[in-house]
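Peer 1: Structure for this input, please:
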Amino acid sequence: MTTVQMAITELNEKFDFGIEEFFDLRNPVIESADYAYAATRIVHINDEGVRMAAQHIREKLLVESYTPRTWRSHSLHICPPEPYVATEPLNKSVLDWIFLISSLNFSFWSDKEGSPERYGVEWREGWDSEAKKVWTGYWSLVAALNRVLDDGIPITDPRFYSSETLCPDSLLEYVFRPADQSTETIPLLQERISIMREVGFILCNSFGGSYKGLMEEFQRRQNNEGTALELVQLITDTFPSFRDEFYFEGRKVCLWKRAQILVAETWAAFYPALPASAHPLFPGLRGPEIHRLTMFADYRVPQILHHLRILEYPLSLVRMLHAGTPIASGSREELSLRAASIIAVERVREEILKLITEDTEVESDQSVVSSVLIDFYLWDLAKKLEGGAEKIEGIATAQMVPTHRTRSIWY
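Peer 2: Just a heads-up that it's a prediction; the model follows:
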């Protein structure tokens, strides 16, 4: 028996799983995206666009010091206290807040885009500000939950929102009430209420009534060696509303947008101040292995990928987008957009890692570069471009086209 084989045998005996799995745990989302991208044949990846955008994104990440810790800089985020102490009560509150937001993080696009009449929520500019503003899009969800937490309503507690007695539908309608200037209500309100009941019931009946309880049970099952991808798989196995999957030409396609973003937000919120430190929620030898997660296939990131000329759309699709034609969930067009985005960001990541390897003048930590971080950056960039706060310079871009219009609970 070789030294390597002896080491593998020793580790196999220590853990309930084979150490070979450490090196062969490929995200099913990547395999699904590979298949769907090739099978749908609508959206295409521009290799030259990937190379040019990778250089641009890498420079921006360096200049802006964009890291997982950037998560803590968003004014509406509730951040866990530091240094991390496992018994700190606020950790449980932060985790429950992240879980509920990820459960409801879908379908914010509006027919009234750019108009003050679109659905929005009026709340403070941030936890440290008394000034008010109207938040739209994804941030309207965060603001709505923060607003009622500010009023003393325990809306992020699964024991509360799972109960139709403590938290009736009428209260949830109040939680998501629009700003006075809005003529729209939040999209898919009834679906959001149903999901709150579902996930709250499961957390209360299987994990002690909290996301923290789920995290503790997850690591107990994994002998404290659980990684981000394994947590994603537990989430999709446990909660039907996180099971973002379709069948295309007889084969299952897993996209898992909200499950992956839940785990990514969990990872980022508790990311240690010193990158070399162990992650408190993924304390095993492998750490979180966040690089195994993909980007989160939604409607916003494909838009910026096309603008950066990473993705190429056929004229027929461009016409659909400009016309605002609804694209059905699970359709060929929708799966092509989402699958191509996943593969494209993987290629951007690989290109950035290649640039880091070749650049001997700038010290960079390759482990920090992940599809998750690239997605976070691209989403923030898209929102800045939308609001006119930033303009892309230094590389050629394509005309910005509208996001695709798919109304679903998956993103």
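
Peer 1: Nearest residue to the spatially most central residue of the chain in space, please, no chain neighbours.
Peer 2: When C-alpha atoms, centre = their mean is applied to the chain, the residue found nearest the centroid is residue 261 (2.5 Å). Closest residue to residue 261 apart from its sequence neighbours, by C-beta to C-beta, 6 or more residues apart in numbering: residue 296 at 4.6 Å. Glycine gets a C-beta too; all of them are placed from N, C-alpha and C.

Peer 1: Look up how far residue 164 lies from that neighbour.
Peer 2: 31 Å (C-beta to C-beta, to the nearest Å).

Peer 1: helix or strand for the residue nearest to the centre of the chain, which one?
Peer 2: In the assignment (DSSP states H and E), residue 261 maps to helix 257-269.

Peer 1: got the angle for the helix or strand following that helix vs helix 257-269?
Peer 2: For helix 257-269, the following helix or strand on the C-terminal side (DSSP H and E) is helix 300-307. Helix 300-307 and helix 257-269 are oriented at 90 degrees to each other (axes from the mean of the first three to the mean of the last three C-alpha atoms, to 10 degrees).

Peer 1: Which neighbouring elements make contact with helix 300-307?
Peer 2: In this structure, helix 300-307 makes packing contacts with strand 311-312, helix 332-358, helix 371-386, judged by 3 or more C-beta pairs under 8 Å, 6 or more residues apart in numbering; DSSP states H and E.

Peer 1: roughly how far out does the longest one sit from the chain middle?
Peer 2: In this case it means helix 332-358. 16 Å (C-alpha atoms, centre = their mean, to the nearest Å).

Peer 1: for that helix, packing partners?
Peer 2: helix 28-40, strand 44-45, helix 47-63, strand 245-248, helix 300-307, strand 311-312, helix 371-386.

Peer 1: mind checking which of these is nearest residue 219?
Peer 2: Minimum separation from residue 219 across those (C-beta to C-beta) falls at helix 371-386, 20.0 Å.

Peer 1: any low-confidence regions in this structure?
Peer 2: Along the chain, segments meeting pLDDT under 70 span 1-24, 362-367.

Peer 1: Go again with 90.
Peer 2: Applying pLDDT under 90 to the chain picks out residues 1-26, 275-276, 359-368, 386-389.

Peer 1: about what we covered before: contacts only, for the residue nearest to the centre of the chain.
Peer 2: Contact partners of residue 261, counting by C-beta atoms under 8 Å, 6 or more residues apart in numbering, are 102, 105, 296.

Peer 1: quick revisit: could I get the helices and strands packed on helix 332-358 as a markdown table with distance to residue 173 and mean neighbour count?
Peer 2: Converted to a markdown table, these look like this (distance: least, C-beta to C-beta, whole Å; neighbours: other C-beta atoms under 10 Å):
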| stretch | distance to residue 173 | mean neighbour count |
| --- | --- | --- |
| helix 28-40 | 34 | 20 |
| strand 44-45 | 43 | 16 |
| helix 47-63 | 41 | 18 |
| strand 245-248 | 30 | 15 |
| helix 300-307 | 26 | 25 |
| strand 311-312 | 38 | 20 |
| helix 371-386 | 27 | 21 |
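
Peer 1: Now render the ones you listed as a markdown table, adding distance to residue 111.
Peer 2: Listed next are the helices and strands packed on helix 332-358 as a markdown table, based on distance: least, C-beta to C-beta, whole Å:
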| stretch | distance to residue 111 |
| --- | --- |
| helix 28-40 | 26 |
| strand 44-45 | 29 |
| helix 47-63 | 30 |
| strand 245-248 | 25 |
| helix 300-307 | 16 |
| strand 311-312 | 24 |
| helix 371-386 | 16 |
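
Peer 1: Nearest to residue 354, out of these?
Peer 2: helix 47-63 (8.1 Å).

Peer 1: ok, back up a step: mind checking which of the helices and strands packed on helix 332-358 is nearest residue 231?
Peer 2: Across those, closest to residue 231 is helix 371-386 (C-beta to C-beta), at 13.0 Å.

Peer 1: Can you name every helix or strand that that closest one contacts?
Peer 2: Using 3+ C-beta pairs under 8 Å, 6+ apart: helix 371-386 touches helix 47-63, helix 257-269, helix 300-307, helix 332-358.

Peer 1: ok, now with 7 Å
Peer 2: helix 47-63, helix 300-307, helix 332-358 (3 or more C-beta pairs under 7 Å, 6 or more residues apart in numbering; DSSP states H and E).

Peer 1: what's the distance between the residue nearest to residue 261 and residue 173?
Peer 2: Counting by C-beta to C-beta - residue 296 and residue 173 are separated by 28 Å.

Peer 1: neighbour-wise, which of those two wins?
Peer 2: Looking at residue 296 and residue 173 with other C-beta atoms under 10 Å, you find the greater number of neighbours at residue 296, namely 29 against 14.

Peer 1: List the contacts of that one.
Peer 2: Shown in contact with residue 296 (C-beta atoms under 7 Å, 6 or more residues apart in numbering): 257, 260-261, 375.

Peer 1: try 10 Å this time
Peer 2: 29, 105, 244, 255-262, 264, 338, 341-342, 345, 371-372, 375-376, 379, 411 (C-beta atoms under 10 Å, 6 or more residues apart in numbering).

Peer 1: Check which helices and strands the helix or strand harbouring residue 174 sits against.
Peer 2: Residue 174 belongs to helix 169-175 when elements are defined using DSSP H and E. Contact here means 3 or more C-beta pairs under 10 Å, 6 or more residues apart in numbering; DSSP states H and E; on that basis helix 169-175 packs against helix 138-150, helix 158-161, helix 189-206.
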